[in-house]
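*Asks:* Turn this into a structure:
(4 chains)
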There are 2 protein chains.
Amino acid sequence: MSAAEIKQSALARFAQDGYEGASLKHIADDCGIKKPSIYAHFSSKEDLFLQVLADVFERQKQRIEDYFEEHASLPLEAQLKGFVVDWQQIYERDAERKFFLRMVFFPPSALYDDVMNLVYPFLDEQEQKLSRLLAAGCPVQGRIIRHPRQAAIAYLTLLDGIAVEMLYGGEARTTRRLEAAWPVYWSGVSRER
Amino acid sequence: MSAAEIKQSALARFAQDGYEGASLKHIADDCGIKKPSIYAHFSSKEDLFLQVLADVFERQKQRIEDYFEEHASLPLEAQLKGFVVDWQQIYERDAERKFFLRMVFFPPSALYDDVMNLVYPFLDEQEQKLSRLLAAGCPVQGRIIRHPRQAAIAYLTLLDGIAVEMLYGGEARTTRRLEAAWPVYWSGVSRER
DNA sequence: ATATGACTAACGACCGTTAGTTAGGAGGAT
DNA sequence: ATCCTCCTAACTAACGGTCGTTAGTCATAT
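*Replies:* This is a model prediction of the structure:
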């Protein structure tokens, strides 16, 4: 049994039941060991949680970076919409996103500061990156008719709206929402109709 | 001490700490009684929670209804944007919204079905009402260039995106998000630029 | 020989809950 | 008016269970 396997089980439990709702016994059961064995790898529940949290944020950052690097040659609209689709597809089979969203929206109140010290820089960086992307992809006579920052904020709003539906709506409802909201967003920020 | 006061304290605690994270002791302390006294009014923690939940959904429904009735004479855009603003302003001083959003997004896993039996009908009704509003407000040669249902879904997506920012972003960030995203939405669904 | 990572046993604290008690107020009968 | 009764809503004490955590032990592999 490795620390990585424990973190994986913990991730799933934290995502499903929250920090307070997830017990070390459940986590231990999930990966086939006894509760005190966790303490051979982590000094406390809090320690386990914070390590999972840091890992998730790191991977999340990496994944976003990878996506936009891989699809840099696509037209801007395809890049942006594809990112949401990609996000959705991974989410379906990935407790990581649920954990991520849960901790961003409702961090355990005992660890509020620890969580938010990761969340705020992450969101700011994401907004800046998007602003640059929107500004760079559409120079002087480009298609975007909004200020890049405004288009970025609106995009993040859309992203969150989709994310919310992911949390409880299932795949069909999420797709429906994306297909309805994307054209509205795109025609709202671009010259196209 | 009345049952209503206990429910109010419970609401605040459930909103802040979640179902599992909120203990009866905390709730009792908040309203100045001892823990077992809660059982004079509620048969269990679950009972208390479910009563709070039902109340919140009832009031939420009522509030939405009242808003659109009061502002029925306004132009459609003002009605729709005003609703978001109204929502935001009430939220600032109201644990009720936080509770509502928390339970919609991350219901306690032990009571998942009870919560979702309230959530799904609520959301469906809201979508239908919005569709009717958008369809009725903009007949044949109206301003909306989208199918009413599509405009409604996109509106709900916007609403959720704003709600997310309310949860952790504070008032300033929420306003910034609304001011950025609203024009994008409106020009995306209407003839106006 | 030493270190790792499992284990069992048990700790104190807190959880939701129940039992049993008590103060206070309402209503009715004398 | 006063007594008696009943009900309500609070209380203290304590229950069994689970929580996170620690101590101590033991097999395995380096």
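
*Asks:* how many other residues sit next to A:Lys7?
*Replies:* When neighbours are counted by other Cβ atoms under 10 Å in any protein chain shown, A:Lys7 registers 21. No exception for glycine: its C-beta is placed from N, CA and C like everyone else's.

*Asks:* List the buried residues for the lowest-mean-pLDDT helix or strand in chain A?
*Replies:* Scoring the helices and strands of chain A by mean pLDDT, DSSP states H and E places helix A:76-92 at the bottom, with a mean of 87. For helix A:76-92, burial by neighbour count (16 or more other Cβ atoms under 10 Å in any protein chain shown) applies to A:76-77, A:79-84, A:87-88, A:91.

*Asks:* got a list of what A:Met166 touches?
*Replies:* Going by Cβ atoms under 8 Å, 6 or more residues apart in numbering or on different chains, A:Met166 touches A:88, A:91, A:97, A:101, A:174.

*Asks:* quick revisit: among the buried residues of helix A:76-92, pick out the one closest to A:Val119, please.
*Replies:* A:Trp87 (17.3 Å; Cβ to Cβ).

*Asks:* and that closest one, what does it touch?
*Replies:* Per Cβ under 8 Å, 6+ apart, neighbours of A:Trp87: A:97, A:159, A:162-163.

*Asks:* Let's have those in CSV, adding distance to B:Gln150.
*Replies:* Listed next are these as CSV, based on distance: Cβ to Cβ, whole Å:
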residue, distance to B:Gln150
A:Arg97, 26
A:Leu159, 19
A:Ile162, 15
A:Ala163, 20
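
*Asks:* right, and out of these, which lies closest to B:Phe68?
*Replies:* For the contacts of A:Trp87, the nearest to B:Phe68 is A:Ile162 (25.1 Å; Cβ to Cβ).

*Asks:* Low-confidence stretches in chain A?
*Replies:* By pLDDT under 70, the weakly predicted segments of chain A are A:1, A:92-93, A:137-142, A:192-193.

*Asks:* Up against DNA strand D, what does it have?
*Replies:* Within chain A, the positions lying close to DNA strand D (Cβ under 7 Å from any atom of the strand) are A:22-26, A:35-36, A:38-39, A:43-46.

*Asks:* Quick one: name the residues of chain A near DNA strand C.
*Replies:* Checking chain A against DNA strand C by Cβ under 7 Å from any atom of the strand, the hits are A:1-2, A:28, A:33-37, A:39-41.

*Asks:* Go ahead and build a PyMOL selection from the buried members of the residues you listed.
*Replies:* Per 16+ other Cβ under 10 Å, the buried members of the residues of chain A next to DNA strand C correspond to this PyMOL selection:
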select buried, chain A and resi 28+33+41
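
*Asks:* Which ones among the residues of chain A next to DNA strand C lie within strands?
*Replies:* Within the residues of chain A next to DNA strand C, no residue falls in strands by DSSP state E.

*Asks:* if we can go back for a sec, can you put the residues of chain A next to DNA strand D in a markdown table and add distance to B:Gln62?
*Replies:* Below are the residues of chain A next to DNA strand D laid out as a markdown table (distance: Cβ to Cβ, whole Å):
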| residue | distance to B:Gln62 |
| --- | --- |
| A:Ala22 | 35 |
| A:Ser23 | 38 |
| A:Leu24 | 43 |
| A:Lys25 | 42 |
| A:His26 | 39 |
| A:Lys35 | 47 |
| A:Pro36 | 51 |
| A:Ile38 | 47 |
| A:Tyr39 | 50 |
| A:Ser43 | 49 |
| A:Ser44 | 45 |
| A:Lys45 | 41 |
| A:Glu46 | 41 |
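
*Asks:* picking up where we left off before, tell me the angle of whatever helix or strand comes next after the least confident helix or strand of chain A relative to helix B:95-105?
*Replies:* Once the chain leaves helix A:76-92, the next helix or strand it forms, by DSSP states H and E, is helix A:95-105. Angle, helix A:95-105 to helix B:95-105, by axes from the mean of the first three to the mean of the last three Cα atoms, to 10 degrees: 180 degrees.

*Asks:* quick check, helix A:95-105 touching chain B?
*Replies:* Yes: counting by Cβ under 8 Å from any Cβ of the partner chain, chain B is contacted by helix A:95-105 at A:101-102, A:104-105.

*Asks:* ok, A:Trp182 touching A:Gly82?
*Replies:* No: using Cβ atoms under 8 Å, A:Trp182 is not in contact with A:Gly82, being 10.6 Å away.

*Asks:* Just the endpoints, please. Distance across stretch A:17-32?
*Replies:* 19 Å (Cα to Cα, to the nearest Å).

*Asks:* Please apply the same query to stretch A:131-144.
*Replies:* Taking Cα to Cα, the span from the opening residue of stretch A:131-144 to its closing residue is 12 Å.

*Asks:* Can you list the neighbours in contact with the host helix or strand of A:Leu178?
*Replies:* Using DSSP H and E, A:Leu178 maps to helix A:170-189. If you take Cβ under 8 Å, 6+ apart as the criterion, helix A:170-189 is touched by A:77, A:80-81, A:84-85, A:88, A:92, A:144-146, A:150-151, A:154-155, A:158, A:161-162, A:165-166, A:169, A:192-193, B:146, B:149-151, B:153-154, B:156-158, B:183-189.
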